[in-house]
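Q: Below are the sequence and a predicted model for it; my questions follow.
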Amino acid sequence: MLNTNLYYQERNPSPTQQLWRHFSANLAAMIALSFLALGLLVMLFSPWLAPYDANQQFAQALSIPPSWTEPGDMRFILGTDDIGRDLLSRIITGMRYSLGYPLVIVLVAAIVGITIGAFAGITRGLRASALNHLLDVLLSIPSLLLALVVIAILGPGLENAVIATTLVLIPQFVHSVRNSFHDEWNKDYVIASRLNGCPTWYLMLRVIMPNITPMIVMQITSALSIAILDIAALGFLGLGVQAPAPEWGTMLARSLDQVYLSPWSMILPGMALFVLVLCVNVVGDSLRTAIKERTEN
Amino acid sequence: MSPLLEVKNLSKNYTHKAHFLPGKQVSALSDISFTLARGEILAIMGETSSGKSTLAKIVAGVETPSSGDIWVNGQRLEKHNYRQRCQVIRMVFQDSDASLNRQLTIGEQLDEPLRFNTDLVATERRRRIREVLQRVGLLAEHAEFFPHMLATGQKQRVAIARAILLEPQIVVADEALAALDPSVRAQIINLLLDLQQDMGISYIFVSHSAEIVKHIADKILVLQHGKIVEFKETAALFDAPTDDYIERLLVTSGHIKQQVDKYAKEQ
Amino acid sequence: MYLLDIRNLSIEMTSPKGKRVKILDKVNLRVHAGEIHSVVGESGSGKSLLAKAILGFINPRWTVTADRLWWNGKDLLSLTPKQRRQVSGRDMAMIFQNPNSYLDPNSTVGEQLAEAIPAGDVRGTFLRRRVDRRTRVKRLLHRVGVRDHEGIMESYPFELSEGIAQKVSIAMAVAHRPKLLIADEPTTAMESSTRGQIYKLLARLSYLQDMSVLLITQDIGSIIPESQHVTMLYCGQLMESGPKDAILNNPRHPYTDSMIRMSMQRLDDLPHKSRLPTLPGSIPTLEHMPIGCRLGPRCPKARKECVQVPRVSKHEQHSFHCHFPLAEDDS
C-alpha cells in the first residue's frame, strides 16, 4: 500500500466536499447560485450601483417605458414610473428590503430556532411533548396568515413586519432541528461518542451538528423564499414596508392602477421577485438532490 | 481473587406506554447474575429477542438497568457515568459503518475518548492515536481519512482501535463478527485474540454463530426469554448440551467439513 | 439447453470521482432447469448486482453489456423494459436477507399470501373464490413446511420468528410457480439450525417443482448442501465456477482454496483460540480497484503476470480464471 500523505489527501474528500461536488455538477444549481451571489453583491453595493436616488422624481420624465422600446430614454434604462422615479434605481435599492431584510430575518430565526430545537431534541418527557404539540399547532397555520395576525396585534410597519416574519419562521426551524436531533440522538455513532465520555455540548456541536448541517442549509433556503414572499406580500397589502420605500411588493401594489398605461412598472419588480425566489428555490432543491445522490453512492 | 466483572441481579423492564394510561411492564431481562474473570472470553447466546443484545448494551452502558448492579474490580459502576465506565468497559458495535461519524476524520473521532478522559496534550494524543491505529493493523495516515474511504474490514478495525484506546479491561462486542465477510472476519478474530494476549482484555461477545463461539469463548451464557438458562464452560456445554433449546443453538453446520474430511480419508 | 445462460456480462458505472468502474467484469453464469446454483462472494463482489441484472433492476445510468443474456433461449437484452418485467414477474422470484423488511407490517400473513396467489389460479364463482383462495393459501403454507397454518395466517409479520418469516416470504415467492428463485443471503443473520431448515425447504421445493434456485451467499460454508454448482466471485470478477464437488474437493483457484479454509466450519479443526487462516489486506473500494486480476494484491500466489486479466481455463464443467492455478488432483 502506498504510504505518502500526498496520495491520500487528494483522494480523501470530506463529506461536505463530496456534497459540493454533486451540487456543482448541476448546471441549473450553479446558475441559480451565481444569480443569488450577484443579487447579494448588488444589494451590498446598491448606494453606488443605483444611478439615481430611489425617490428622486424627474418631472419631465413621467412614465417613460424601458430604453429598448421606441419612446424609451437611455437615461432611464428600465424606464420610470408615473411620478418620474427611475425604476432601475428603485429595484436596486429595493433589494435591501426584498433580499436584505429576509436574510436578516432568516438568520435570526435560524439561530433562535436551532438553539431551541437542539435542546428540545435531547429532552424527553412532558416538556418535549408540550413543545412539540404547540409547534404542531403553529405549523398548521399558513405563515402569511400568522404574520397577519401578529401585524394585527402590533400594527403595520416595516419593523413589525420583520418581527412578525421572524416569529413565524422560528417554529419551522425548531421543528425540523428538533426532529433531526431526535433521530440522530439514538444512532450508533452518537451512542459511541457518548460512551467515549463526551460532554453533552460536544455531542451537540461537534458530533450531531455536522451531520445535520445540510438539512439546516436546506431549511434555510426554504425559509428564505418564504421570508422574501411574506415581506413582499405584506408590502403589497400595505401592512409591511410603507410607500415611498422602494420595496418590490409595495411597488407592485402602487403600480396596480397604472397596469394598462405603464405595464413595465409592474412587470419589472414582479420579474425581479420571481427570479429571486426561483433562484433560492432552485438552490434549495439542488441541495436536496445532492444530498440524496451522496447518500446513494 | 475477586472477579473482574460481577453482574448482580440485573433486570430490565420496558414500559409499553398507551396514551395517558399507566403503561404495561414488559420484562426484557430478569435477575441476571454472572461473573467474568480477567482475560476470559464470555459468549452470550440465545434466540432472537432473548435479551442478549440488551444485556450487552446494559453492561456497556448504552442502556441503564431497571435494577441490579454491575461491579468492576470491586467498584460499582454508576448509571450515566460514562467517564467512569469507559475506563474499564468499551463497546464494539455490530455495524461499524453506522458507529462511525461520517463527518469527522478517523483521527478526530479517536481523539474524543482521549480528550475527555485523559490529561494528555494534543501532541501526545496524536501520538497515541497513531500507535493504536498501527496496533490494529492500519496505517498512521488513516487518521486523516473519512470513514467512507475505508473498506468494511478497516472500519471494523477503527472501531476496535476506538475500543482499546483507553486500555479498558473489558470489551463488549454485539454481533460484531457474524455479519463480516469471511476473510475480514478471520482477520478481526485474529486481531481480537492478539489484543487479548497482549493487553489481557476480557471480551463479552454476543453471537449467534456457534462456530465462532466454540472457537473463541471460554464460557457461554445462554439466555431465553430474558433469563439465564445455562452458564458453563464452552467445551463442557458443547459436549453435553443440557436441553433442546441449547442444543439447537449450538448446532454447527458441517457439510463442507464432512465433505472435505471424507475426501481426505479417501485419498 | 440452459434455463439461464449469461456470457461475459459486464456492468459499468461512474464512480463518485467520475471514474468508469466495471462493477461486474465479464461474468459467466449458467443455470440448468431445476438445479441449485450457489454464488459465493464477499461484499463488493457484485453478487447481488448479478441477481439484479438477471431480474432487470439495474440503475439505468449504468451500462450493461453482455455477449449473451439468455433466458430459456430468449435474449433478455433485446426485450423492451415492459416485456422484460413480464418475463421477470412470471418466471422469476426473489427472497432477501431480512423478510420483515419487505413483508407488509400492516396486514396479516394470510392476506399477503392471498394477494400473492395469481388470479388465474383461483376458480369458482364469486363466493367460491374466497374459499378457494383460502385453501390455496393453506396449501402454500403447508408446502413451505408451516404446520400451524391457522395461527400463522392470522398473525402479523412482526409476530413471527425469523425462520417462519423467511418461510412465509418463500411461500409468497413460489406462489406463482417461478422457474427461478433467487435467494439473496436468506440466512445470513440466522442460527445454523434455522438455516438448515430453510435450506432443506429450498432444496425440496427445487426438487418438487422443478424450480432452479440461485443462492447468493458470502461464505462458502453456508451454501446449500444440495447445490450442484458453485460460482465464486471476487470484486466483480469470476474466480472459479464448477460442480460443487469439484470446487470443494479440488479448488483450482487460490481464492476458492482460501475461502474454503477460512470457512467457519473448518474452525473445528483448529485448536481453541488459535489464529485463523485468512487472506491479507482488505477488499478494495470502488475507487481503488486493482488492474488485471483483482485478487492480485491479496493473492498468496500473485506474480507479475497477474496485472493481466487471466484467461479462462476449462476442465470439463469446471472453469477458473487464474494464471497460476493450484495443482489438479488426479483422483
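A: Received it, and whenever you're ready, just let me know what you need.

Q: Which residue ranges of the stretch 1-150 of chain C form strands?
A: Assigned by DSSP state E, counting those that start in this stretch, the strands in the stretch 1-150 of chain C fall at C:4-14, C:20-31, C:36-41, C:63-65, C:68-71, C:74-75, C:92-95.

Q: Mind listing the strands the shortest one pairs with, and their directions?
A: As defined by DSSP bridges, the strand partners of strand C:74-75 come to strand C:68-71 (antiparallel).

Q: Export the strand it pairs with to CSV, keeping only CA atoms.
A: Presented in CSV, the C-alpha positions along strand C:68-71 are these (Å, rounded to 0.1, in the frame of the first residue of the first chain):
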residue,chain,number,x,y,z
ARG,C,68,-25.3,-13.3,-24.1
LEU,C,69,-28.1,-12.9,-21.5
TRP,C,70,-30.5,-15.6,-22.4
TRP,C,71,-33.5,-16.8,-20.5
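
Q: Now do C:F324 against chain A, distance only.
A: C:F324 sits 23 Å away from chain A, taking C-beta to the nearest C-beta, to the nearest Å as the criterion. C-betas here are computed from N, CA, C, even on glycine.

Q: Could you do C:S38 as well?
A: When distance is defined by C-beta to the nearest C-beta, C:S38 is 29 Å away from chain A.

Q: bridging residues for that residue?
A: Assessed by DSSP bridges, C:S38 has beta-bridge partners C:L215, C:V230.

Q: Mind pulling up the pLDDT for residue 186?
A: No chain in the question, so chain A it is. According to the prediction, A:N186 has pLDDT 85.

Q: um, chain B though
A: 86.

Q: just C:Y156 next, same as before
A: As predicted, C:Y156 sits at a pLDDT of 87.

Q: Return the residues in contact with it.
A: C:105-109 (C-beta atoms under 8 Å, 6 or more residues apart in numbering or on different chains).

Q: Which of those lies at the shortest distance from A:V259?
A: Of all those, A:V259 sits closest to C:N106, with 54.5 Å by C-beta to C-beta.

Q: Backbone dihedrals for the spatially closest residue to B:D31 that is not a sequence neighbour, please?
A: Nearest in space to B:D31, with sequence neighbours left out and distances taken as C-beta to C-beta, 6 or more residues apart in numbering or on different chains, is B:N9 at 5.5 Å. Per-residue torsions, B:N9: phi 50, psi 50 (degrees, to the nearest 10).

Q: residue boundaries of the helices in the chain?
A: Went with chain A since none was named. All helices of chain A, identified by DSSP state H, fall at A:5-10, A:15-24, A:27-44, A:46-49, A:87-95, A:101-122, A:126-139, A:143-154, A:158-185, A:188-195, A:200-202, A:209-236, A:248-254, A:264-296.

Q: That was the other one, I meant chain B.
A: B:52-60, B:82-86, B:106-117, B:122-135, B:152-164, B:182-199, B:210-216, B:234-239, B:244-249, B:255-266.

Q: Look up how far C:A114 lies from the spatially most central residue of chain B.
A: Nearest to the mean C-alpha position of chain B, by C-alpha atoms, centre = their mean, lies B:A173 at 1.5 Å. According to C-beta to C-beta, to the nearest Å, B:A173 stands 43 Å off from C:A114.
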